[in-house]
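**Student:** Sequence and predicted structure below; questions after.
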There are 2 protein chains.
Amino acid sequence: MVGSMHTANETQILTEPVARLIEEFSRLPGIGPKTASRLTFFMLRAPDEAARSLAEALIALKQQVHFCARCYFIAQGELCVVCTSPARDQRLICVVEEPLDVVAIERTGVFRGLYHVLHGRIAPLEGMNREDIYFDELLDRVRTEPVEEVILATNPNLEGEATAFHLQRALAPLGVRITRLARGLPTGGDLEWADPGTLSSALEGRREL
Amino acid sequence: MVGSMHTANETQILTEPVARLIEEFSRLPGIGPKTASRLTFFMLRAPDEAARSLAEALIALKQQVHFCARCYFIAQGELCVVCTSPARDQRLICVVEEPLDVVAIERTGVFRGLYHVLHGRIAPLEGMNREDIYFDELLDRVRTEPVEEVILATNPNLEGEATAFHLQRALAPLGVRITRLARGLPTGGDLEWADPGTLSSALEGRREL
C-alpha cells in the first residue's frame, strides 16, 4: 500500500510528510483514508507537543511493554503484575482470548487466581489454529504448576465456544477441574430483548432460590 | 483528562505505557476510549517497526510542514507549491475553509489560480468569529496582490453561506469581482433523491442549452 494511496501529483500538493502520515494512520485497524486525513490535519493544527507526546507514547510502549513469560498478559518486567503478586491463588487459571479480557475481569474485583491469555481463538476459516495461539503453553502450565481448576473464559460466540471445546478436550487427560463462565441474562438487561440463545442458556442454567 | 481515564488500579494492571498510549489515542478527534484501547493493543502486537514508523511520521509532520505564509495552505517551505508555481494565474483567488478543500479542487485539474485557506468558518455559536480565521489576511491580499476575482468556495451549508456573506460584504468595497461556486445537481446524482434545497438551486441556476 505504501506510495499507492496518493498519486505523485497528490503527494506533491499534500507534501510528502502529510501524505506519509495519512498513510501511517490508514494502516491502523478501522481507520480509513478519510479518517486518516482528518487525524493528520488535526495533528498539523495541534501544538507540536501533541504530536511529540503521541510519538513518545508509541516508542515507550514498544520499548517497555512485552507479554508476560508465564501468562502472556502485558508486562513491564518478565512477569506481569498478576503473576508476580503473592496474593493470587496459584491453583486457579482463567483462560481468556485477549489482554483486555483480563482488564475486564480484574475490574470485577472478584477473581483472585491467575490468567492465561491465548492471544486469539481457534478459527480455521481465518487461518487461526491451535499453534497460532498460546494453547500448548497452557497445557505446559497445567502440567508444571499446582493448578487445580481451569476456567475457560473465551468469548460466548462460535469461535470462543470452539476454542473452549478444544481446550477442554486437551485438558481433560491432565486431571484438572475444567469450568466455563456461566451463560444467562446480562445484569440490567431486559428479558423482552434477550436473544433466543441467551434466553435458552438462562433457562438451562436456572438456579434454585 | 490526563490520568483521569484509568483508575490507579487499572493503570497498574494495564501498565503505565499502555494506559498512556490509550490516553494519547483518545485525545484524537473521533477516537473514543474503546477505539483507543483497540489501537493500543494493535500496536503492542505489531512489529516495533510499525510504531516507530508512525512516531517518525508524526515528528516529521511537525518539523517539516507549516502553513503557507501567503495562502495558509500546507507548505514545506515558506510558500506552498501553488503559490510558488509560475504557471498559476495570480489574478484569481479561490477561498476555501480547509486545506483538504484545496486538495479536492486540485484533483479536478480545472482551476489554475491561487487559493486562500480560511482554516475554519464563521460560526458564532461555536465561538468562531472573523478574527479566529484568516479572514482579514484575505482582504490584505486583495489590497496588495493583482487580484481580479475572488471565488468564494466555502461549504454549501449554513456556516459556509454565512462566511461567504461576510466575505462578500468585506470584499465589495475593494472593487474585485466576487463569485460563488455553482449550486445544482451533483454529477451522477439522481433527481428523485435530490433534496429540495439542491433542486431549488438547480432550478434557479438553470442554463440555456
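**Tutor:** All right, it came through fine.
**Student:** helices and strands around the longest helix belonging to chain A, which ones?
**Tutor:** Assignment by DSSP state H gives helix A:48-64 as the longest helix of chain A. For helix A:48-64, the helices and strands in contact under the criterion 3 or more CB pairs under 8 Å, 6 or more residues apart in numbering or on different chains; DSSP states H and E are helix B:16-26, helix B:33-45, helix B:48-64. Every C-beta, even on glycine, is put in place using the N, C-alpha and C of the backbone.
**Student:** tilt between that helix and helix A:33-45?
**Tutor:** With axes from the mean of the first three to the mean of the last three CA atoms, to 10 degrees as the criterion, the two stretches helix A:48-64 and helix A:33-45 enclose an angle of 110 degrees.
**Student:** chain center to helix A:48-64, what's the gap?
**Tutor:** Per CA atoms, centre = their mean, to the nearest Å, the displacement of helix A:48-64 from the mean C-alpha position of its chain is 22 Å.
**Student:** Can you list the buried residues in it?
**Tutor:** By 16 or more other CB atoms under 10 Å in any protein chain shown, the buried positions in helix A:48-64 come out as A:50-51, A:53-62.
**Student:** Likewise for stretch A:151-161?
**Tutor:** By neighbour count, with 16+ other CB under 10 Å as the criterion, the buried positions of stretch A:151-161 are A:151-155, A:159-160.
**Student:** From A:Glu16, how far off is A:Tyr58?
**Tutor:** One thing to correct before we go on: residue A:58 is Leu, not Tyr. Distance, A:Leu58 to A:Glu16, using CB to CB, to the nearest Å: 20 Å.
**Student:** before we move on, what about A:Ala36?
**Tutor:** Note on A:Ala36: its distance to A:Glu16, by CB to CB, is 15 Å.
**Student:** again with A:Leu152
**Tutor:** If you measure A:Leu152 against A:Glu16 using CB to CB, the figure is 50 Å.
**Student:** Ok, A:Gln168 next?
**Tutor:** 54 Å.
**Student:** Equivalent analysis for A:Leu100, please.
**Tutor:** Per CB to CB, A:Leu100 is found 36 Å from A:Glu16.
**Student:** Kindly report the domain assignment for chain A.
**Tutor:** Chain A breaks down into these domains under automatic domain parsing: A:8-64, A:74-208.
**Student:** which residues touch A:Ala182?
**Tutor:** Taking CB atoms under 8 Å, 6 or more residues apart in numbering or on different chains as the contact definition, A:Ala182 lies against A:Gly205.
**Student:** what does A:Lys62 give?
**Tutor:** Contacts for A:Lys62 were tallied using CB under 8 Å, 6+ apart; they are B:43-44, B:48, B:51-52.
**Student:** Rebuild the residues you listed as JSON lines, extending it with distance to A:Glu106 and pLDDT.
**Tutor:** Rendered in JSON lines, the data for the contacts of A:Lys62 read as follows (distance: CB to CB, whole Å; pLDDT from 0 to 100):
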{"residue": "B:Met43", "distance to A:Glu106": "21", "pLDDT": "95"}
{"residue": "B:Leu44", "distance to A:Glu106": "17", "pLDDT": "93"}
{"residue": "B:Asp48", "distance to A:Glu106": "27", "pLDDT": "93"}
{"residue": "B:Ala51", "distance to A:Glu106": "25", "pLDDT": "96"}
{"residue": "B:Arg52", "distance to A:Glu106": "30", "pLDDT": "96"}
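**Student:** Farthest-apart pair in the residues you listed, please.
**Tutor:** Using CB to CB, the pair of those lying farthest apart is B:Leu44 and B:Arg52, separated by 13.8 Å.
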